[in-house]
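**Student:** output the structure for:
(one chain, ligands or ions: 1)
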Amino acid sequence: MTSSRNYTLKCVCGETFSAKLYDIINAQKDPKLKEELLEGNVNVVTCPRCKKRLAVDKILLFHDPDKELMVNLFPKSLREKEPIIRKELEKTINEKIERGSLLNEAHEIPTYMRHPKIVFSIEELAFVIQEYDKEYGKDYDKKFRE
Ligand SMILES: [Zn+2]
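**Tutor:** Okay, the predicted model is just below:
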């Protein structure tokens, strides 16, 4: 599932405006959005007054079920808090697994989701995605040759 919302933003010129920003991107459902992300055009807005382009530093969850990749992007300002963020994420995941095992649904949380990947910039996110694309390509070639 891909999810977006309208956010109120304030430009350095003082203008306040509303823009649609993404919270979750599912690359399988929205391959075009993944391309936009790699081009650096996701969660980037233009101020209607001064026309300045603003890259919004916000939380984004990127999920590519095809390639078994899930990455949590957090604002740069939280980089120092990575150990705390990781702990919190793992706690949430473990709670989900526990609930799932009570309901016999533990199999619904794949292994790759149990160990969260965390990045603090859209550039790092793009790098991880591209690395996975390369790896996936290799595996695919291997399987194809065997
Ligand atoms: Zn402006």
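**Student:** count the residues that sit near Thr111.
**Tutor:** The number of residues packed near Thr111 is 7, by other Cβ atoms under 10 Å. For the C-beta atoms, the positions are set from N, CA and C on the backbone; glycine is no exception.
**Student:** cool, the one 3 residues further on as well?
**Tutor:** Using other Cβ under 10 Å, the number of residues around Arg114 comes to 13.
**Student:** residue contacts, it?
**Tutor:** Counting by Cβ atoms under 8 Å, 6 or more residues apart in numbering, Arg114 touches Ile93, Ile97.
**Student:** how does it look with 7 Å?
**Tutor:** Ile93 (Cβ atoms under 7 Å, 6 or more residues apart in numbering).
**Student:** pLDDT score for it?
**Tutor:** Arg114 is assigned 85 on the pLDDT scale.
**Student:** ok, now how distant is it from His63?
**Tutor:** Noted for Arg114: a distance of 14 Å to His63, by Cβ to Cβ, to the nearest Å.
**Student:** so how many other residues sit close to the closest residue to Cys47 other than its chain neighbours?
**Tutor:** The shortest distance from Cys47 to any non-neighbouring residue, by Cβ to Cβ, 6 or more residues apart in numbering, is to Cys11 (4.0 Å). Using other Cβ under 10 Å, Cys11 is surrounded by 17 other residues.
**Student:** helices or strands up against the strand or helix carrying Phe62?
**Tutor:** Using DSSP states H and E, Phe62 sits within strand 60-64. Here strand 60-64 touches strand 16-26, strand 69-73, going by 3 or more Cβ pairs under 7 Å, 6 or more residues apart in numbering; DSSP states H and E.
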